[in-house]
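Asker: Task: produce atomic coordinates for the following.
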Amino acid sequence: MVGWTPREMAQVALFAALTAAGAFIKVPVPFVPFTLQYLFVAMAGIALGSRLGLASQLVYIGIGLIGLPVFAEGGGPGYVLKPTFGYLIGFALGAWLIGRLTERLEKASILPLFGATMAGLAVIYGIGALYLYGIMNMVLAKSITLWNTLLYGILLPLPGDILLSGAAAYIGVKLWSLRGVSGNASTGKALFAKEGVEEEQRA
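Answerer: Down below sits the predicted model:
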């Protein structure tokens, strides 16, 4: 947190808390109920940008690993042996990528933002599925086939997260619009980052 402003620390803490809360907000759909966690991961990238979006997820992972029960199944250092821990690693990298892609947009519109959130989702699923397969077969000695890894680690939960990707993109555009800058987002500035720059200029 060296060099962070109080505003940045508050933003990082906010999205770390939202990601934690999202793990416990479940949408009851048939076969594979999903949580709202990815919505907040994606919004961290859109709203905070690559640097702070990444930081928010690292803070979330860190407080879980020291023992606070912020993960879906608790917390503590032993959580690294959970088959799903790879998805948490993916959250950090996914938020960074979404933020990076958002920073490069010349205007806030739903299709580019949706593309950014889907790119982040691909990173999360890629890391998560590889970790799932590796932990199950090489560490926990609980054999899982590549097909079952693909089925349970990607295909079944994917539709819900695609919906959340769309929701994050929609919310991102609406937030820009509410601030009166829709279609005029400065390149290299995320939603909250731009707000901070504007306030500094007014000061």
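Asker: what separates residue 110 from residue 178, distance-wise?
Answerer: Taking C-beta to C-beta, to the nearest Å as the measure, residue 110 falls 15 Å from residue 178. For every residue, glycine as well, the C-beta is placed using N, CA and C.
Asker: After the helix or strand harbouring residue 92, which helix or strand is next? Please name it.
Answerer: Per DSSP states H and E, residue 92 falls inside helix 85-103. Next along the chain after helix 85-103, taking DSSP H and E as the criterion, comes helix 110-134.
Asker: List the residues that contact the residue lying closest to residue 170 once chain neighbours are set aside.
Answerer: Once flanking residues are discounted, residue 170 sits nearest to residue 110: 6.0 Å by C-beta to C-beta, 6 or more residues apart in numbering. Residues near residue 110 by C-beta atoms under 8 Å, 6 or more residues apart in numbering: 169, 170, 173.
Asker: And the last one, how far from residue 106?
Answerer: As defined by C-beta to C-beta, residue 173 lies at a distance of 14 Å from residue 106.
Asker: More neighbours: the two, which one.
Answerer: residue 173 (22 against 11; other C-beta atoms under 10 Å).
Asker: Looking at this structure, which helix is longest?
Answerer: helix 37-65 (DSSP state H).
Asker: Which elements pack onto that one?
Answerer: helix 6-22, helix 85-103, helix 110-134, helix 158-178, helix 191-202 (3 or more C-beta pairs under 8 Å, 6 or more residues apart in numbering; DSSP states H and E).
Asker: out of those helices, deepest packed?
Answerer: helix 85-103 (a mean of 25; mean count of other C-beta atoms under 10 Å).
Asker: any idea of the angle that helix forms with helix 158-178?
Answerer: 30 degrees (axes from the mean of the first three to the mean of the last three C-alpha atoms, to 10 degrees).
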